[in-house]
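**Q** would you be able to build a 3D model of this:
(one chain, ligands or ions: 1)
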Amino acid sequence: MTEQLLQGLHHITATVGNAREDYAFYTRVLGLRLVKQTVNFDFPQVYHLYYGDEAGDPGTIFTTFPYQGQGIRRGLPGPGQVVISGFSIPQGSLDFWRRRLETHGFGASQVERFGQKALRVLDPSGLLLELTEVSDDHRTPWTTTEITPTEAIRGLHHVVVSVRDLAPSIAFFTEYLGFTVQAEQGSYTRLALPGMSSGQFLELRHEPGEAPGRQGMGTVHHVAWRVADDAQLLALREHLLQLPGLQPTEIKDRNYFHSVYCRMVEGVLFEFATIPPGFTVDETTDQLGTALQLPPWEEANRPTITSLLPPLF
Ligand code: ZN
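**A** Numbering: from 1, shown residues only. Below is the predicted model of the structure:
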């Protein structure tokens with residue numbers, strides 16, 4: 001790729017179970033802001049919930065499809081999937097988070113990787129998250145009465161993708177998408193986009209003997225990387241089309257961003273999403289997340305959709 005199109009993470013999207021538990025965990029326990037209540041555009045009887053900072057800036061967004069009651073089987077994390085979603089927390093806040101998670105019934109364990117301490121916790125649907133302590137993440141966090149700027153999550157920090165063949169995966173991401181190898185530790189290889197800071201890390205976990213992961217409840221569905229605008233998205237799609245074996249989708253209108261999806265090496269599903277227009281296209285920053293927003297083509301179905309969705313709070 002001659003021009004660096006990827007800037008960093010845009011969002012992570014997971015298939016989860018119960019909507020109310022999901023909402024309670026990500027907002028009340030982790031302290032993220034619900035920045036959008038909408039529906040899965042491909043399956044509108046299921047919510048699409050977006051959590052992030054005040055404005056839902058790309059790079060802070062974690063999104064879920066709460067599929068409980070829809071007959072979706074449990075997934076199995078494994079090769080070809082994002083197996084860990086990483087958020088950044090301020091240096092020195094790890095003990096606060098351990099106590100807080102335990103108070104709310106979520107046991108956390110401590111790990112250390114690439115010289116950074118992190119807490120591991122399973123969310124209510126069994127998704128593995130890491131809260132990684134960093135000293136150089138200067139993004140302004142969303143705060144609550146219980147979580148001050150001294151502790152608050154800054155945004156996404158990394159994703160871990162499990163792969164069975166490490167060398168071809170490293171070659172793929174470095175040659176085609178502009179990542180460089182930053183460090184290796186045990187089965188983990190950390191790749192980074194040029195800024196090499198929070199939200200720009202893609203870690204590969206080498207698991208040669210594992211069976212491929214299976215999509216379903218409790219697994220990450222896809223990870224999205226941000227590009228500046230529609231022109232950059234188009235350029236990226238052209239680039240992907242020229243690479244052997246890749247089949248990027250058409251550009252899709254996701255209302256809050258425009259996207260291309262493409263399966264990468266080992267089948268991991270990546271999305272490439274524009275930074276504009278953002279979450280204020282249908283409600284003001286103050287109002288974000290307070291009411292169900294439907295894409296224009298679903299407005300006529302609002303009464304039916306509303307009757308099918310469980311209350312969030
Ligand atoms: Zn997405």
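**Q** who's in contact with the closest residue to Arg33 other than its chain neighbours?
**A** Nearest non-adjacent residue to Arg33, counting by CB to CB, 6 or more residues apart in numbering: Trp142, 4.3 Å away. (Glycine included, C-beta is placed from N, CA and C.) Counting by CB atoms under 8 Å, 6 or more residues apart in numbering, Trp142 makes contact with Gly31, Leu32, Arg33, Gly52, Asp53, Glu54, Ala152, Ile153.
**Q** these, buried ones only, as a ChimeraX selection?
**A** In ChimeraX, this line selects whichever of those come out buried by 16 or more other CB atoms under 10 Å:
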select :31,32,33,52,53,152,153
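**Q** residues of this protein that sit close to the ion?
**A** Residues of the chain found near the ion (CB under 5 Å from the ion) are Thr13, Ala224, Glu271.
**Q** ok, now with 6 Å
**A** By CB under 6 Å from the ion, the residues of the chain that approach the ion are His11, Thr13, His222, Ala224, Glu271.
**Q** show me the two of these that sit farthest apart.
**A** Pairwise distances among the residues of the chain next to the ion were taken by CB to CB; the largest, 9.0 Å, belongs to His11 and His222.
**Q** looking only at neighbour counts, state which of the two leads.
**A** His11 (24 against 21; other CB atoms under 10 Å).
**Q** distance-wise, check the more buried one relative to His48.
**A** Using CB to CB, to the nearest Å, His11 is found at 11 Å from His48.
**Q** anything in contact with each of these two?
**A** Common neighbours of His11 and His48 (CB under 8 Å, 6+ apart) are Thr63.
**Q** Val163 pairs with what?
**A** His206 (DSSP bridges).
**Q** my guess is it meets Glu266, correct?
**A** Yes. Counting by CB atoms under 8 Å, Glu266 is a contact partner of Val163 at 5.1 Å.
**Q** now the helices: where do they sit in the protein?
**A** With DSSP state H as the criterion, the chain has helices at 19-23, 94-103, 166-177, 230-241, 302-308.
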